[in-house]
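Engineer: show me how the following folds:
(4 chains)
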Number of protein chains: 2
Amino acid sequence: MGMDERKTRILQAIIDDYILTAVPVGSRTISKKYDMGLSSATIRNEMSDLEELGYLDQPHVSAGRIPSAKAYRLYVDQLLRSGKLRTGEEQEIRSYFTGRVRQMEEVFDHAAQVLSTLTRYTAVVLSPSGAAMKIRNIQLVPVAADRALLVVVTDSGIVRDSVVEIPRALDADALYTLSRAMTEALSGCTLEEALTRMPTLIGRMRENADVLLAVNSRISEAAERGPRSHVSIGGVSNMLAYPEYADAEKARSFLSLMETRDRLAELMSPQSDVAFTVRIGPETGLKNMSDCSIVTATYSTHSGRQGTIGIIGPTRMQYSRVLSILQAMGSQLSELFSDPDAPERG
Amino acid sequence: MGMDERKTRILQAIIDDYILTAVPVGSRTISKKYDMGLSSATIRNEMSDLEELGYLDQPHVSAGRIPSAKAYRLYVDQLLRSGKLRTGEEQEIRSYFTGRVRQMEEVFDHAAQVLSTLTRYTAVVLSPSGAAMKIRNIQLVPVAADRALLVVVTDSGIVRDSVVEIPRALDADALYTLSRAMTEALSGCTLEEALTRMPTLIGRMRENADVLLAVNSRISEAAERGPRSHVSIGGVSNMLAYPEYADAEKARSFLSLMETRDRLAELMSPQSDVAFTVRIGPETGLKNMSDCSIVTATYSTHSGRQGTIGIIGPTRMQYSRVLSILQAMGSQLSELFSDPDAPERG
DNA sequence: TGTTAGCACTCGATGAGGTTGAGTGCTAAT
DNA sequence: ATTAGCACTCAACCTCATCGAGTGCTAACA
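Structural biologist: Residues are numbered from 1 along each chain as shown, chains lettered A, B, ... in the order given. Predicted coordinates for the structure are as follows:
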């Protein structure tokens, strides 16, 4: 017993209906709402087969059936193979980005918000990972007699700042010159590369070795902490509207996952190099996310670094819609970060 | 019929019990658990009086009583008058801040997280408002041939970045010199003051007037958007643990408030100059927050600008504990931002 | 041989009583 | 002024019956 064309059509109808209603689907519903030209009895037989094949689950004997993770998987794979994405969302998303970009981090927040309002699920946006991030400019800004603010500007304009203690008093001018020297020596480097070049720089500027060492330790800290990206989240409250989250305990565990950004970032990071990833229910690998699906897509900056955008929703999410929205947003972001005429080092 | 000492003691017991259990309190409970030396009947009479005075509500005739907003108000006022805050939390909070400060914004996130874990409510931290923020350093960092990143470093080390289009090609050196000139002219100014000084600067540097105008428009945009502070939130998931939020609709509306940072920032901003604000239930001014209370405290930076920390919890929150924790955190943050030897202009 | 009508069966959901118990208000006694 | 006692209220809970959506199976049919 395999999957003939009719079984597929029936399964499709069941999935569509369940995505819409979140209520177990019965044979009569299918034969009436979706004109299959088949009686409920026949549908029933087919459904029985589909259950045996593992595509359908039955909450209890006298309820309808609900699609299993395997069913969604088939559904999504078919969807991706047919490649019928890119509906009309492109325009709509573009219109959300008409306003000029102000604060860099606002872009990610904004993207997450747009994604969540469009999909009505929860959206997560990861900034491009910091590992391969290239330094554009380094500045030491005086803050107090014995402290300066170390500002590192990278390509894609993401800024890291941290306070550095200055071992001895240096006036603004001295810091200025020092900043310039550091920028000249290190711009274009990744953090790791910067670390390898620092000794040379320190050798060249003996008189300021102490300050440079302080900077060096900060950079190595940052490099060591790894590619921690900025995480923007939108539409968490959307999830509570779905019956899947009527249970307070489930909602709570979901919320608390959303609050631990580190775990979330890890969860959303793409495992492979494909444009889209769809993880359905148990495929997410999290026990208490078994009735969630995660769909991610990537975007890239001109320097080739990748960021991730993703949607988290109930397993019965509108995959087709979500995929096309993610695709549209992904290309929108890639475009935003693309700089055809940008020099690779600043 | 006024509030004699006994009524106050009974009310206190009722509030204490309700804060603990979230269950309407009966007369028998009071006379047994809290040894008043009075029978339940007497308590009953007093409770009847207290209800008439507006301090107690009765969900229905055969249930116990719950404290009204007015009761909590009395409770809190008494608490504040007696001034018995500052328990042992100071040390604990200090220990959370042992690690060195890395990214500036992390401080706020961290503070929010500590506050929420300590209180088990939701915590909100507003960075010092930007209105009186003083400029320390301005940098134009090359990003592409026709674009630069405008980085504004302010006191307290908060960095604003936004992309500026450069009307004509300028090399890194030129931008460097320009940045230096701007920093010299504008450091120590607030954004508004900077705007008044720009014309002079533009006059002095005719050859770069176009770039300066672009920067000018960005600053005026930022100034116009007003003192939008950074908002950190922690412990949203805590709230779902309270029976008050068993109702999904309530939880949803709470969550969505937490997601609209602008509204939230407005809500948390201190109305007056007092150290603590406690708004109970309807006093919050939000309809769907009628069973929430908001407690806020302020901290200040060396330049005198104020930030806000706050706790949002059910009306039956542990005010005493929350107040002392907020006090401890407030002084911790103030200390962190205090720079006794910092020059007022950099 | 695949399809369909018919029927018995299952089981969650819904709703109507009935019971319980925590809690009140009132009254009369101390 | 306090308290013991008692009637009363009402949400919460349990039980039981009913309802109906849905299934599986069988027999008839094209």
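Engineer: any low-confidence regions in chain A?
Structural biologist: Residues of chain A meeting the criterion pLDDT under 70: A:1, A:83-87, A:98-104, A:130-131, A:144, A:156-158, A:226-228, A:339-346.
Engineer: just give me the residue right at the centre of it.
Structural biologist: In chain A, the centroid-proximal residue (C-alpha atoms, centre = their mean) is A:I309; its distance is 3.0 Å.
Engineer: tell me the contacts of that one?
Structural biologist: Applying C-beta atoms under 8 Å, 6 or more residues apart in numbering or on different chains to A:I309 gives the contacts A:111-112, A:115, A:123-126, A:296-299, A:326, A:329-330, A:333. Every residue, glycine included, has its C-beta placed from N, CA and C.
Engineer: which of those count as buried?
Structural biologist: Neighbour-count burial (16 or more other C-beta atoms under 10 Å in any protein chain shown) is assigned, among the contacts of A:I309, to A:111-112, A:115, A:123-126, A:296-299, A:326, A:329-330, A:333.
Engineer: count the residues that sit near whichever residue of the stretch 101-250 of chain A sits closest to DNA strand C.
Structural biologist: Among all residues of the stretch 101-250 of chain A, A:P243 sits closest to DNA strand C, at 10.8 Å; criterion: C-beta to the nearest atom of the strand. For A:P243, the neighbour count with other C-beta atoms under 10 Å in any protein chain shown is 11.
Engineer: next: A:M36.
Structural biologist: A:M36: 17 neighbours (other C-beta under 10 Å).
Engineer: and the strands in the stretch 1-150 of chain A?
Structural biologist: Remark: strands assigned in the stretch 1-150 of chain A by DSSP state E, counting those that start in this stretch are A:56-57, A:66-67, A:122-126, A:135-144, A:147-154.
Engineer: where does the residue nearest to the residue of the stretch 101-250 of chain A closest to DNA strand C when sequence neighbours are not counted fall, phi/psi-wise?
Structural biologist: In space, and not counting its chain neighbours, A:P243 is closest to A:A22: 5.2 Å by C-beta to C-beta, 6 or more residues apart in numbering or on different chains. Backbone torsions of A:A22, given as degrees, to the nearest 10, read phi 60, psi 20.
Engineer: which residues touch A:A22?
Structural biologist: When the contact criterion is C-beta under 8 Å, 6+ apart, the partners of A:A22 are A:Y242, A:P243, A:E244, A:P314, A:R316.
Engineer: would you check how far apart the third one and A:L201 are?
Structural biologist: Spelled out, that is A:E244. Note on A:E244: its distance to A:L201, by C-beta to C-beta, to the nearest Å, is 56 Å.
Engineer: just to revisit the earlier point, the residue nearest to the centre of chain A is in what secondary structure piece?
Structural biologist: strand A:306-314 (DSSP states H and E).
Engineer: adjacent strands (with direction) for that strand?
Structural biologist: strand A:122-126 (antiparallel), strand A:292-300 (antiparallel) (DSSP bridges).
Engineer: just the CA trace of the last one, in CSV.
Structural biologist: Right, strand A:292-300. The C-alpha coordinates for strand A:292-300 follow below in CSV (Å, rounded to 0.1, in the frame of the first residue of the first chain):
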residue,chain,number,x,y,z
CYS,A,292,5.8,23.9,17.3
SER,A,293,7.4,24.3,13.9
ILE,A,294,10.3,26.5,13.1
VAL,A,295,10.9,27.9,9.6
THR,A,296,14.1,29.7,9.0
ALA,A,297,15.7,31.5,6.0
THR,A,298,18.9,33.3,5.6
TYR,A,299,20.0,36.7,4.2
SER,A,300,23.4,37.8,3.6
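Engineer: any idea how far A:V141 lies from DNA strand D?
Structural biologist: 60 Å (C-beta to the nearest atom of the strand, to the nearest Å).
Engineer: these two touch, right, that residue and A:L149?
Structural biologist: Yes - A:V141 is in contact with A:L149 according to C-beta atoms under 8 Å; the separation is 4.4 Å.
Engineer: returning to what we had before: next secondary structure after the strand holding A:I309?
Structural biologist: Counting by DSSP H and E, the next helix or strand C-terminal to strand A:306-314 is helix A:319-337.
Engineer: for the residue nearest to the centre of chain A, give its distance to chain B.
Structural biologist: The gap separating A:I309 from chain B is 18 Å, by C-beta to the nearest C-beta, to the nearest Å.
Engineer: list the contacts of the residue nearest to that residue when sequence neighbours are not counted.
Structural biologist: Distances taken as C-beta to C-beta, 6+ apart put A:V125 closest to A:I309, at 5.1 Å, once the chain neighbours are dropped. A:V125 makes contact with A:108-109, A:111-112, A:115, A:231-234, A:307-310, according to C-beta under 8 Å, 6+ apart.
Engineer: please name the bridge partners of A:V125.
Structural biologist: Bridge pairing for A:V125 - DSSP bridges - gives A:S232, A:I309.
Engineer: which parts of chain A sit against DNA strand C?
Structural biologist: A:G37, A:L38, A:S39, A:A41, A:T42, A:N45, A:H60, A:V61, A:S62, A:A63 (C-beta under 7 Å from any atom of the strand).
Engineer: I'd like the residues you listed laid out as TSV, including neighbour count and distance to DNA strand D.
Structural biologist: What follows is the residues of chain A next to DNA strand C, written out as TSV (neighbours: other C-beta atoms under 10 Å in any protein chain shown; distance: C-beta to the nearest atom of the strand, whole Å):
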residue	neighbour count	distance to DNA strand D
A:G37	6	14
A:L38	18	13
A:S39	12	10
A:A41	11	5
A:T42	15	9
A:N45	13	7
A:H60	6	9
A:V61	5	6
A:S62	8	4
A:A63	12	6
